[in-house]
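Novice: Sequence and predicted structure, then a few things I'm wondering about:
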Amino acid sequence: MVELFKVKHWLAGLQWLFFLFTNTVVIPITIGAAFELSQGKIISLMQVSFLFTGVACILQALLGHKRSIMEGQSGLWWGGILSLCYAAPSQGMSLTTLGGSLAVGVIISGLIMIVIGLSGFSHHLARLFTPGVMAVFMFLLACRLNAIFLKGMLGIPFGTHSETAHIDIPVFLLASVVVFLIIILSIKASPAFSRYSLLIGIIGGWILFELLFDPKEAIDVAGKMDMAFFPLGAPQLDAGIIITAVIAGLINTSNTFGALKGTDDIYKMKASTKQYRNSFTISGLFAVISGLFGMVPYAPYVSSIGFLNQTKILERLPFLIGGGMFMLMGLVPTISRLMANLPLSIGSAVLLVAYLRLLQSSLQYFAQIELTTANVYRLAVPLFVGIIVMTFPLSYFETVPSILRPLVSNGLLVGILGSLLVENIRFKEATEKEQK
């Protein structure tokens, strides 16, 4: 009990609060904008995101994997959902149909994760996620998300009108200044300041945006609170969207393996089967909650590895304090209203810098692989196919059956599924020849 009142733990808890905030704040804003929600619903989405992220972190630290690893809204899911929003108009699908079908798919995927956790099947699932699969996953995720962030920096809206939008040069220039400021602080500043570089970028960029541009360009927060189940649309049964969501949920398990394996060295111990089981169960529970409240489903954040390496805050108490404060932020509507006013271009600039670090995680997995002829093909085929599919216009997929279209038009999912397939095919003859 005495430890709870020590100043050092509360200061460390504030650092965790900043980390949770930085990685969460833009997600509900972009999802709300992409689904063209009212201002009140965007504020509500922000509020429940803060609340449940804080609760999820606390439960994981106490009952799940029991490590200081952020449990937040998954980048893989986030990129996939935004991609589906962009594709929906060309496929003749309304956003409410998309949102309702996604809700059903997310809930199903959450229930599957709970079963995986309770049954202990995660031990067998872990064998599929080899270093090759994780390398491709990290690289493609960085490509997908950073493409979204760059669009945000360019002033292109997150919605169905993005095809007719134009680059806003003044907004892009300010966002670029924020990017360079954060990078310079991260490289040149002392550790005491560099650890706050993302927060400094958000606050500084936000102030400059309000001074230089019409505040109406940011989200108006005058809307009334409108908290309800299924804010993205009433439950629908579009088979293609539901299948894509279930597959995305299974692939999303790679975040759990990446985060726990990545912190094994930090904690000087290998995560036990029980830790994996508990972590999957809690992530599955919050995926079900996400489907009900229109949030992006949850997963342990691989980016927590960098935070732990930089701050050396390994104790759970500061993490619990940070999660508790973040939960309280979600319970105070005034804070959610304020945060919903964050300019998308500034938030995108900050997250672009944060997710550039995924390249480091990807290269670390690549370094674990012996580059034999067979292994080069295992890496190259899914990696390049995934990237190329990302560049295809949606019109290319009009001849694909509607049940498969949401899946095959998503380069991120295509690449990861391809990697899972080829990585687990063993070219025995070729390997034997290479060894000779």
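Specialist: That came in fine, so what should we check first?
Novice: would you list every one of the helices in the stretch 301-436 of the chain?
Specialist: 304-311, 316-331, 333-339, 344-356, 358-366, 373-391, 405-408, 411-423, 428-435 (DSSP state H, counting those that start in this stretch).
Novice: most neighbours per residue, which of the ones you listed?
Specialist: Of all the helices of the stretch 301-436 of the chain, helix 344-356 has the most neighbours on average by mean count of other Cβ atoms under 10 Å, namely a mean of 24. Yep, even glycine has a C-beta here, placed from its N, CA and C like the rest.
Novice: Please name the residues that touch the residue nearest the centre of the chain.
Specialist: Residue closest to the mean C-alpha point of the chain, counted by Cα atoms, centre = their mean, is Gly75 at 1.6 Å. By Cβ atoms under 8 Å, 6 or more residues apart in numbering, the contact list for Gly75 reads Leu141, Leu145, Tyr355.
Novice: Kindly report the same for Pro235.
Specialist: Counting by Cβ under 8 Å, 6+ apart, Pro235 has contacts Gly100, Ser101, Ala103, Val104.
Novice: just the buried members of these?
Specialist: Of the members of the contacts of Pro235, the ones counted as buried by neighbours, 16 or more other Cβ atoms under 10 Å, are Gly100, Ser101, Ala103, Val104.
Novice: Next, format the residues you listed as TSV and append secondary structure.
Specialist: Formatted as TSV, these follow (DSSP: H, G, I helix; E, B strand; the rest coil):
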residue	secondary structure
Gly100	helix
Ser101	helix
Ala103	helix
Val104	helix
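Novice: so which of those residues comes closest to Phe307?
Specialist: Phe307 has its nearest neighbour among those in Ala103, at 31.1 Å by Cβ to Cβ.
Novice: Pull the distance from stretch 339-348 to the chain's centre.
Specialist: Averaging C-alpha positions (Cα atoms, centre = their mean, to the nearest Å) puts stretch 339-348 17 Å from its chain's average.
Novice: got the contact list for it?
Specialist: With Cβ under 8 Å, 6+ apart as the test, stretch 339-348 has contacts from 25-26, 29-30, 33, 39, 42-43, 46, 50, 148-155, 157-158, 168, 171-172, 174-175, 178, 201-202, 205-206, 209, 213, 217-221.
Novice: The residues you listed in helices, which ones?
Specialist: Using DSSP state H to define helices, the subset of the contacts of stretch 339-348 located there is 26, 29-30, 33, 39, 42-43, 46, 50, 148-153, 171-172, 174-175, 178, 201-202, 205-206, 209.
Novice: low pLDDT regions in the stretch 51-200 of the chain?
Specialist: Counting by pLDDT under 70, the stretch 51-200 of the chain shows low-confidence ranges at 158-164.
Novice: Distance of Leu308 relative to Gly330?
Specialist: Remark: distance between Leu308 and Gly330 (Cβ to Cβ, to the nearest Å) = 24 Å.
Novice: pLDDT score for Leu212?
Specialist: Here, the pLDDT recorded for Leu212 equals 90.
Novice: so what's the residue nearest to it when sequence neighbours are not counted up against?
Specialist: Excluding the flanking residues, the one nearest Leu212 by Cβ to Cβ, 6 or more residues apart in numbering is Leu174, at 6.5 Å. Counting by Cβ under 8 Å, 6+ apart, Leu174 touches Gly205, Leu208, Phe209, Leu212, Phe213, Ser345, Ile346.
Novice: Restricted to buried residues, select these in PyMOL.
Specialist: In PyMOL, selecting the buried portion of those, with burial taken from 16+ other Cβ under 10 Å, looks like this:
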select buried, resi 205+209+213+345+346
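Novice: Serialize the contacts of Leu174 to TSV and add fields for distance to Ile58.
Specialist: Shown next, in TSV, are the contacts of Leu174 (distance: Cβ to Cβ, whole Å):
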residue	distance to Ile58
Gly205	30
Leu208	35
Phe209	33
Leu212	39
Phe213	38
Ser345	32
Ile346	29
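Novice: just the helices in the stretch 1-150 of the chain please.
Specialist: Assigned by DSSP H, counting those that start in this stretch, the helices in the stretch 1-150 of the chain fall at 7-24, 26-34, 39-63, 75-87, 95-119, 122-125, 131-153.
Novice: How about the shortest one, which residues are buried there?
Specialist: Of the residues in helix 122-125, those with enough neighbours to count as buried (16+ other Cβ under 10 Å) are Ser122, Leu125.
Novice: tell me what that helix is packed against?
Specialist: Counting contacts by 3 or more Cβ pairs under 8 Å, 6 or more residues apart in numbering; DSSP states H and E, helix 122-125 packs against helix 253-267, helix 273-293.
Novice: Of all those helices, which one is nearest Met325?
Specialist: Judged by Cβ to Cβ, the one of the helices and strands packed on helix 122-125 that comes nearest to Met325 is helix 273-293, at 18.8 Å.
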